[in-house]
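Engineer: Return atomic coordinates for the entry below.
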Amino acid sequence: MSVSNDLTLIYTGTKVEGLFLEELLKENGIGVFTKDTLEESVIAGWVNGSPADEFLIFVETENAEKAKKILDDYFASREEKEDKK
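Structural biologist: Here you go, the predicted model:
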């Protein structure tokens, strides 16, 4: 993967779900850049943010549309499963 200067934020949420989504994107050939804002702030000596929006996933802008589609499909299938319960 060649690195571009243009990144697009495609996910903000919990670390647990973010790590799963990171793997899902990688399995589909999309490289990701992640940022854990809560962990970074703790390491720096203060706590900033909440666990609900601590994990950020960025992809190269050229892959953003494909990545968003993958995440949209995942969230839709998850909602379908929850609706069947």
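
Engineer: how close does residue 67 sit to residue 84?
Structural biologist: According to CB to CB, to the nearest Å, residue 67 and residue 84 sit 27 Å apart. Where you see a C-beta, it was placed from the backbone N, CA and C, and this is true even at glycine.

Engineer: what about those two, which has more around it?
Structural biologist: residue 67 (23 against 6; other CB atoms under 10 Å).

Engineer: May I ask which helix or strand of the protein has the lowest mean pLDDT?
Structural biologist: helix 37-44 (a mean of 61; mean pLDDT, DSSP states H and E).

Engineer: From the centroid of the chain, which residue is nearest?
Structural biologist: For the chain, residue 57 is the residue whose C-alpha lies nearest the centre (CA atoms, centre = their mean; 3.5 Å).

Engineer: mean confidence for the helix or strand hosting it?
Structural biologist: Element membership for residue 57 (DSSP states H and E) is strand 55-60. Strand 55-60 carries an average pLDDT of 95.

Engineer: who does that strand pair up with?
Structural biologist: strand 7-13 (antiparallel), strand 33-36 (antiparallel) (DSSP bridges).

Engineer: Next, work out how far apart residue 77 and residue 24 are.
Structural biologist: From residue 77 to residue 24 the distance is 11 Å (CB to CB).

Engineer: which of these two has more neighbours?
Structural biologist: Between residue 77 and residue 24, residue 24 has the larger neighbour count (other CB under 10 Å), namely 16 against 10.

Engineer: Distance from the chain centre to the one helix or strand the more buried one maps to, please.
Structural biologist: Here residue 24 sits within helix 15-27, counting by DSSP H and E. Centre-to-centre, helix 15-27 and its host chain are 6 Å apart (CA atoms, centre = their mean, to the nearest Å).

Engineer: can you list contacts of it?
Structural biologist: 11, 31-32, 34, 36, 38-39, 51, 54-57, 59, 67, 70-71, 74 (CB atoms under 8 Å, 6 or more residues apart in numbering).

Engineer: What subset of the residues you listed is buried?
Structural biologist: Among the contacts of helix 15-27, the ones that count as buried by 16 or more other CB atoms under 10 Å are 11, 32, 36, 38, 54-57, 59, 67, 70-71.
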